[in-house]
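Enquirer: Using only what follows, build the 3D model:
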Amino acid sequence: MPLPPHAADWMNRAEIDYIGPFVKAWAAFNAWFRHASAEAQERAMLDWVKGQPNPVRRDILALLRNENDTAEAQALKLAISDLQIRLDGIHFEVTRKGVNEQISLRSVCIAPKHFNRERIERSGYEYKAEKIAGGNIQITVTSRNGSVKFQHMQVQ
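Expert: Residues are numbered from 1 along each chain as shown. As a prediction, the model looks like this:
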């Protein structure tokens, strides 16, 4: 039996409330998290999590090892490969200052208009990007003792 017109109109106007259930789930999770960690500050709670054994991570890493040739490991590796292929196929077109650029989830242009050099130190490593002859950008990661851990040249 079809709905009367006024009922159909109200059905079309109805919206699902996602915010309420989300907030309730978040509050329940936060209460559990605070109780399980026995900490009151969020930073201390996160540090507690980092110190806990992680069987999921351990099991996933075992499946990703090259020497693991089980059916379960092969299925996971294939699923990751399929995901990467699908993500590579997604492209976004953005317009900046009247110029259309296409970006993907694999590569992004890092050549700002007036870029010459940028250097950051973090966790004992130096991350450096600099424009070199010909307009190319050289990216280098160097450890504290001066050994080069990674180097990449991006063409213009």
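Enquirer: contacting residues around residue 40?
Expert: Applying CB atoms under 8 Å, 6 or more residues apart in numbering, we find residue 40 in contact with residue 34. For the C-beta atoms, the positions are set from N, CA and C on the backbone; glycine is no exception.
Enquirer: SS state for it?
Expert: The local conformation at residue 40, judged by DSSP: H, G, I helix; E, B strand; the rest coil, is coil.
Enquirer: And residue 152, its phi and psi?
Expert: Per-residue torsions, residue 152: phi -140, psi 140 (degrees, to the nearest 10).
Enquirer: Tell me which residue lies nearest the centroid of this structure.
Expert: Most central residue of the chain, judged by C-alpha distance to the mean C-alpha position with CA atoms, centre = their mean, is residue 105 at 10.4 Å.
Enquirer: How about the contacts made by it?
Expert: 87, 88, 90.
Enquirer: quick one, domains of the protein?
Expert: 5-85, 111-154 (the TED database).
Enquirer: Output those in a markdown table; the columns should cover mean pLDDT and distance to residue 99.
Expert: What follows is the domains of the chain, written out as a markdown table (pLDDT from 0 to 100; distance: least, CB to CB, whole Å):
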| stretch | mean pLDDT | distance to residue 99 |
| --- | --- | --- |
| domain 5-85 | 89 | 29 |
| domain 111-154 | 84 | 11 |
